[in-house]
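J.: build me a model:
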Amino acid sequence: MNRENKRKTFEKGYYKTHACDESFTCKNCGRLVTPDAAGSDHRNHCPNCLHSLHVDIEPGDRESDCGGIMEPIAVWVRKGGEWAIIHRCKRCGALSSNRVLADDNPIKLMGIAMRPLSEPPFPVEKIVEMTEMMGGEIPDALKYEKEE
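T.: You can find the predicted model right below:
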């Protein structure tokens, strides 16, 4: 059943109150996604590549006409310690937050979480330079031998 048929068949907000137990094929990696091991009644992203589709304006409303691929760009920790994925639509740039589910790829999740540390927006050497300028002590982990 495609999105247009769902919109005609179910009233607005149907998926806010009803389980979404349909399987789908991921538009990013091509994997068949089933809701079985999700640990939730609302599977909305691929557990393999963590990508989603831009189908909602508000969670569960299926009102978005965009239909773009939602790329996982970050993770954050909700109140209570639950992790969530921040998705950004590749077509329109819309952002959304979706909770991490039981069968999500832990390596992909950790890769997203570590991205700010592994790809800082400045050269790491700048930390050492600024610390020296301010007269602070440089941690051993950041020390490197300068070429003379």
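
J.: can I get the CA coordinates of the top helix by length along the chain in PDB?
T.: Ranked by residue count under DSSP state H, the longest helix found in the chain is helix 106-118. Presented in PDB, the C-alpha positions along helix 106-118 are these (Å, rounded to 0.1, in the frame of the first residue of the first chain):
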ATOM      1  CA  PRO A 106      24.700  -0.100  17.200                       C
ATOM      2  CA  ILE A 107      27.800   0.500  15.100                       C
ATOM      3  CA  LYS A 108      25.900   3.100  12.900                       C
ATOM      4  CA  LEU A 109      24.600   4.700  16.100                       C
ATOM      5  CA  MET A 110      28.000   5.000  17.700                       C
ATOM      6  CA  GLY A 111      29.500   6.300  14.400                       C
ATOM      7  CA  ILE A 112      26.900   9.100  14.300                       C
ATOM      8  CA  ALA A 113      27.500   9.800  18.000                       C
ATOM      9  CA  MET A 114      31.300  10.000  17.500                       C
ATOM     10  CA  ARG A 115      31.200  12.100  14.400                       C
ATOM     11  CA  PRO A 116      31.700  15.500  16.200                       C
ATOM     12  CA  LEU A 117      34.800  14.100  17.900                       C
ATOM     13  CA  SER A 118      36.300  12.400  14.900                       C
END
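
J.: in that helix, what's buried?
T.: 108-109, 112 (16 or more other C-beta atoms under 10 Å). In this view, the C-beta of every residue, glycine as well, is placed from N, C-alpha and C.

J.: would you mind giving these as TSV with distance to Cys46 added?
T.: Formatted as TSV, the buried residues of helix 106-118 follow (distance: C-beta to C-beta, whole Å):
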residue	distance to Cys46
Lys108	10
Leu109	13
Ile112	14
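
J.: how about the residues you listed in TSV, adding distance to Arg88 and pLDDT?
T.: Formatted as TSV, the buried residues of helix 106-118 follow (distance: C-beta to C-beta, whole Å; pLDDT from 0 to 100):
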residue	distance to Arg88	pLDDT
Lys108	16	96
Leu109	16	96
Ile112	12	95
